[in-house]
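1. Kindly return the folded structure for what I paste below:
(3 chains)
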Amino acid sequence: MIEGALWRRWILNYLPLILFVIVLLFPFYWMIITTFRPDGELYRPWNAANNMPFWTNKPTLEHIIYLFEETNFARWMFNTMFIAGVSTLISLFCGVLAGYALARLNFPWAGSLGTLIFITYLVPQTLLFIPLAEIIRDFRLGDTPWSLILTYPTFLIPFCTWLMMGYFKAIPKELEECARIDGASRWKAMLYIIIPVAVPGILSSGIIAFTLSWNEFIYALVFLSSPDQKTVAVGVTSELIRGDVFFWGALMAGALLGSIPVAIVYSFFVEHYVSGLTGSVKG
Amino acid sequence: MAVTALGSTEVVRPSVRKRKLEDERWLAFVLLLPTAILLGLFIAYPFFEGVLLSLSSARVGAPGEFVWFKNFEKLWHDNIFWTAVWNTFWYTGVTTVFKLGLGLWLALLLNRHFRGKAIVRAFILLPFIIPTVLSTFAWKWMFDPTFSVINWSLFKLGLISARINWLGDADLAMASIMVVNIWRGIPFFAISLLAGLQTISPELNEAAAIDGARPWNRFWYVTWPLLLPVTMVVMLFSVIQTFADFQLVYVMTGGGPANATHLFATYAYQIGIVSGLLSEGAAVSLAMFPFLFIIVVAQLLYIRRVEVR
Amino acid sequence: MAEVSLHKLNKKFDTTHVVKDVDLQIRDKEFMVFVGPSGCGKTTTLRMIAGLEAITTGEIRIGNTVVNEVPPMDRDIAMVFQNYALYPHMSVASNMAFGLKMRKFEKSEIEKRIKNAASILGIEELLHRKPRQLSGGQRQRVALGRAIVRDPAVFLFDEPLSNLDAKLRVQMRVELKKLHERLAVTSVYVTHDQVEAMTLGDRVVVMKDGVVQQVGEPLELYNTPANRFVAGFIGSPAMNFADVTLAENGGRPVAEAPGLRIVLPDALAARARAKVGRKATLGIRPEDIHLAGAADSVDHCFEANVEVVEQLGSEILLDTRVGAATVVASVDPMVKVRSHDKLKLALNPARLHLFDAESEAAI
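-> The predicted structure follows:
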């Protein structure tokens, strides 16, 4: 690497980088500070003389307590976790099998099916939510977690399949051939050799699928209606805003707590997440 | 043939079930079945259903009848719809340019060795990981007309003297939404492009430097062309996600003020779910399809060309 | 106890015909080597024996069984791959145990066999390691061990040494030879390296463009190649070829080319006489050419311009020009020669080869 003088490096590299980090993380700081700030401090006009927006000397848990005592927040958390978990498992199961078939088996139309999967991967949820709402109603799944558990795979499976295809393609075909000569059927070779070797890919797909389903909003907004069925994002949106009154403290507390599970999962598997993310754009 | 002379040749034929699972075509069929069922039931069928719906006069609770293109005709004369179309393109175009530019800059900043790089990279991705609706609420709170921390900061810096009503004015509201979209999209661009940068051998840049190329020329003639394939794929995903965006606008403005910030998706929600005019909502959603289709085909063709070259 | 026989074996991929009418009997306990340039169909043939490629037409038997329809797992074969194909998520011991577990062997029997194979190959200390912790040579041994524990009817090798460096390759070649003597199992070995083929094979099959060119013991291929391709492929440095015209001179058949006039020996004379006036290709190995001395008859001598002198220590290779042809000669290392020297070279007439110009078959 060609490096210049120290001051140049500061101006050209470190300073912009620091600015990027501050801007990208500030909203989270704002979320946290708001969560622990008493209402009296929150609703102080922006140009009030005694305003000190970036810090509080009187931290409080009142908003978090409000969240758990006055709303179904714990229930929303459970719902979100359950829905994200189960739909991720279903999608992984389907995606791993389909990815294996498309990447490693020779059969007619394999190429076209791969392209079809890629195209469904690109179908945004907002294209089909209205007819899907009708179908969910016809299947009598409305207002149940299953309305989401069964529809989230429509965007998770294409993603998992696509990502797994990349991982499966990178495994030498001789491994499988050797296993088959060693006495394994195709099925067993897949189960005992190829899938275990692809575990890092499965982890990556699983983590990203989990964050994607945790992030999903419009299906949850449209398919769920009763307060105790809602996910965090929908619950926070509909229950902490009354007309045009925003319960900002509780809203930020809900946003903060609702983000924590994803952040924890992410922090444990950063490398897997990043490799999955970058793998998915390599095609 | 010594073996045949012994006369005990046998031809072994394995059982049918075994043969089928050993046959790649059958195995592939079995493995693809669950995916095909789920995607067929919840993508292909709704798509078909959506087309039918958009050609009917169905409302919530009323099945309606087949009315051909009446819904689309109505949209053609709907000013809000055209605002939404314009907004969607404007929103997608502007944010994509910024996300690409800033994301690339950030990727280049990250593509060198410094202490704490892994941590910085992990933190930078947070806006992309945290559920959009939740982080958008933080932004909405920052843009709050009365309690805005942004206004406070600008005031303290002496840049403004009166408050700015960020979400109350049509253009400012659109700009605010764009800022949030850019903020959320930069990490995805940066991390993906960083991965692309890391596959470019440093020797290429070193060779160019020895050949006398200045940094800007090295970027323009060596790095950028090699990065182009990854960039195109990242753009493809980002453009589609942005074009079909819903959550940001829903939370920030709900399409307001006075329906000035609607996108396809929020307008479809407004009509189809809030007003209960299912068929018209489905028509708005589906109106997105030809545009998406053109974008996807154009970008895929371009990507293929870039990769061949 | 297993012969392998291929009968009228053909393989087509879409439109390309990669294996054409291969007929071959591989005897029990024989070490059969397939050799040929890349794309000659040798690997495809091996993969058909393994059951990894479907057979287009023809028949393969292992022992008394026609195995065309039998999946690889039921063929009782073991295969060593070029890239070793070690299961990366399993320890060395588990790698070796996998095939036995799939066949539901007793645990004690599995352990016994692993121990035995490991001691044969000298990899006892590696049993608990993962493949990525092994060097290239060690991986090669584990791959062999995995085949040995199976005690299969046939061993298949697909260029198993080509990923090793030159020194290790020679060493493993010797070990493979010893191993085969010890285990005495029918083996089919594919390589593009004619030295491996010559040193390892009981018999060697030379293939080109999907067609078997010649089958025979190594020395048979070296001494009496069936055609020009085999002659050129076997032996290093390669045989010299010169385009000649057959003529008759004083009742004796001669091969003529600009700057070259060789009287053909009796062994070739009769067959060459029938083709007088026709074109042919004359072949002579570099090691059958020496500096002409008093004992050499003018019938077998020719003038050569030395272009390059390659000192190899044990011999000197002279790249020379004879008329329009390039001739390489391997001469005594003590001789003093420099480039641009003009020399008189002589060849050993008993070792001359003659090939038809069109069919390229040996005359």
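2. Contact partners for the nearest residue to residue C:164 once chain neighbours are set aside?
-> Excluding the flanking residues, the one nearest residue C:164 by CB to CB, 6 or more residues apart in numbering or on different chains is residue C:136, at 5.6 Å. Just so you know, the C-beta spots here come from the backbone N, C-alpha and C atoms, and that holds for glycine as well. Residue C:136 is in contact with C:163-165, C:168, counting by CB atoms under 8 Å, 6 or more residues apart in numbering or on different chains.
3. Model confidence score at residue C:136, please.
-> We note a pLDDT of 88 for residue C:136 in this prediction.
4. Point out where chain B drops to low pLDDT.
-> Along chain B, segments meeting pLDDT under 70 span B:1-21, B:307-309.
5. what domains does the record give for it?
-> B:13-54, B:75-308 (automatic domain parsing).
6. So which residues of the chain form strands?
-> Looking at chain A here, since you left the chain open. Listed in chain order, the strands of chain A (DSSP state E) span A:241-242, A:245-246.
7. hm, I was asking about chain B
-> Listed in chain order, the strands of chain B (DSSP E) span B:10-11.
8. Spell out for me which residue occupies the centre of it.
-> Closest residue to the average C-alpha location of chain B: residue B:241 at 2.1 Å, with CA atoms, centre = their mean.
9. That one contacts residue A:124, doesn't it?
-> Yes: using CB atoms under 8 Å, residue B:241 is in contact with residue A:124, at 6.8 Å.
10. anything in contact with each of the two?
-> Counting by CB under 8 Å, 6+ apart, residue B:241 and residue A:124 have no common neighbour.
11. Around chain A, pick out the residues from chain C.
-> By CB under 8 Å from any CB of the partner chain, the residues of chain C that approach chain A are C:50-52, C:71-75, C:77-79, C:81-83, C:85, C:87-89, C:98-99, C:102-103, C:146, C:150, C:156.
12. Restricted to buried residues, select the residues you listed in PyMOL.
-> Applied in PyMOL, the following selects the buried portion of these according to 16 or more other CB atoms under 10 Å in any protein chain shown:
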select buried, chain C and resi 50+51+52+71+72+73+74+75+77+78+79+81+82+83+85+87+89+98+99+102+146+150+156
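13. Just the residues of chain C next to chain A: which are in strands?
-> Taking DSSP E, the ones among the residues of chain C next to chain A that sit in strands are C:77-79, C:156.
14. between those residues, which is nearest residue B:205?
-> Nearest to residue B:205, judged by CB to CB, of those is residue C:79 at 44.0 Å.
15. and the closest one, bridged to which residues?
-> Residue C:79 has these beta-bridge partners by DSSP bridges: residue C:156.
16. isn't it right up against residue C:154?
-> No: contact criterion CB under 8 Å: residue C:79 and residue C:154 do not qualify, at 9.1 Å.
17. from the contacts of residue C:136, which is closest to residue B:209?
-> residue C:165 (33.9 Å).
18. Not counting residues beside it along the chain, what's closest to that closest one?
-> residue C:136 (7.4 Å).
19. Now the phi/psi pair for that neighbour, please.
-> According to degrees, to the nearest 10, the main-chain angles of residue C:136 amount to phi -60, psi -50.
20. Distance of it relative to chain B?
-> 24 Å (CB to the nearest CB, to the nearest Å).
21. Same check on residue A:182?
-> 15 Å.
22. Which residues are in contact with the closest residue to that residue other than its chain neighbours?
-> Closest residue in space to residue A:182, ignoring its immediate chain neighbours: residue C:99 at 3.5 Å, by CB to CB, 6+ apart. By CB under 8 Å, 6+ apart, the contact list for residue C:99 reads A:181-183, C:78, C:146, C:149-150.
23. Spatially, which two of those are the most separated?
-> A:181 and C:149 (13.1 Å).
24. Now do the same contact list for residue C:90.
-> Shown in contact with residue C:90 (CB under 8 Å, 6+ apart): C:98, C:130-131.
25. how about a cut-off of 10 Å?
-> Listed by CB atoms under 10 Å, 6 or more residues apart in numbering or on different chains, the contact partners of residue C:90 are A:192-193, A:196-197, C:96-98, C:130-131.
26. Repeat that for residue A:156.
-> Neighbouring residues of residue A:156 by CB under 10 Å, 6+ apart: A:84, A:87-88, A:90-92, A:94-95, A:121, A:205-206, A:208-210, A:212-213, A:216, B:38.
27. Below-threshold pLDDT in chain C: ranges please.
-> The model of chain C has pLDDT under 70 over residues C:1.
28. cool, the stretch 151-283 of chain A as well?
-> Along the stretch 151-283 of chain A, segments meeting pLDDT under 70 span A:282-283.
29. what about the helices in it?
-> Using DSSP state H, counting those that start in this stretch, the helices found in the stretch 151-283 of chain A span residues A:153-169, A:173-181, A:186-189, A:195-197, A:199-215, A:218-223, A:232-239, A:248-268, A:270-280.
30. Kindly report the same for the stretch 151-300 of chain B.
-> B:170-198, B:202-210, B:215-218, B:224-243, B:247-252, B:264-269, B:278-308.
31. Compare the ones you listed and give me the one nearest residue A:255.
-> Comparison of the helices of the stretch 151-300 of chain B against residue A:255 by CB to CB identifies helix B:247-252 as nearest, at 10.6 Å.
32. Tell me who's in contact with residue C:4.
-> B:3, C:24-28, C:30, C:32, C:49, C:60-63, C:67, C:77, C:153-154, C:156, C:186-188.
33. Now intersect those with the strands, please.
-> Among the contacts of residue C:4, the residues falling in strands (DSSP E) are C:24-26, C:32, C:60-62, C:77, C:154, C:156, C:186-188.
34. how near is the nearest residue to residue A:279 once chain neighbours are set aside to chain B?
-> The shortest distance from residue A:279 to any non-neighbouring residue, by CB to CB, 6+ apart, is to residue A:166 (5.2 Å). For residue A:166, the distance to chain B equals 12 Å [CB to the nearest CB].
35. what does residue A:86 give?
-> 13 Å.
36. what's the neighbour count on that residue?
-> The local packing of residue A:86 (other CB atoms under 10 Å in any protein chain shown) involves 18 other residues.
37. Please name the residues that touch it.
-> Each residue near residue A:86 by CB under 10 Å, 6+ apart is listed here: A:145-146, A:148-150, A:152-153, A:213.
38. now residue B:203
-> Neighbour list for residue B:203: empty [criterion: CB under 10 Å, 6+ apart].
39. pretty sure residue C:63 is touching residue C:26, no?
-> No: in this structure, residue C:63 is not within contact of residue C:26 by CB atoms under 10 Å, at 11.4 Å.
40. got the residues of chain C near chain B?
-> Counting by CB under 10 Å from any CB of the partner chain, chain C comes close to chain B at C:2-5, C:7, C:25, C:27-28, C:51, C:54, C:59, C:61-75.
41. of the residues you listed, buried ones?
-> C:2-5, C:7, C:25, C:51, C:61-63, C:65-68, C:70-75.
42. For the top helix by length along chain C, which helices and strands make contact with it?
-> Identified as the longest helix of chain C according to DSSP state H is helix C:166-183. Helices and strands touching helix C:166-183, by 3 or more CB pairs under 10 Å, 6 or more residues apart in numbering or on different chains; DSSP states H and E, are strand C:31-35, helix C:107-121, helix C:136-150, strand C:154-158, strand C:186-191, helix C:194-200.
43. from the contacts of residue A:86, which single one is nearest chain C?
-> The shortest gap between chain C and any of the contacts of residue A:86 belongs to residue A:153, at 27.5 Å (CB to the nearest CB).
44. My understanding was that the closest one contacts residue A:219; is that so?
-> No: here residue A:153 does not reach residue A:219: they are 11.4 Å apart, not a contact under CB under 10 Å.
45. shared neighbours, these two?
-> With CB under 10 Å, 6+ apart, residue A:153 and residue A:219 have common neighbours residue A:213.
46. neighbour count winner among those two?
-> residue A:153 (31 against 25).
47. and the more buried one, what is it in contact with?
-> By CB under 10 Å, 6+ apart, the contact set of residue A:153 is A:86-95, A:159-160, A:209, A:213, B:34-35, B:38-39, B:41-43.
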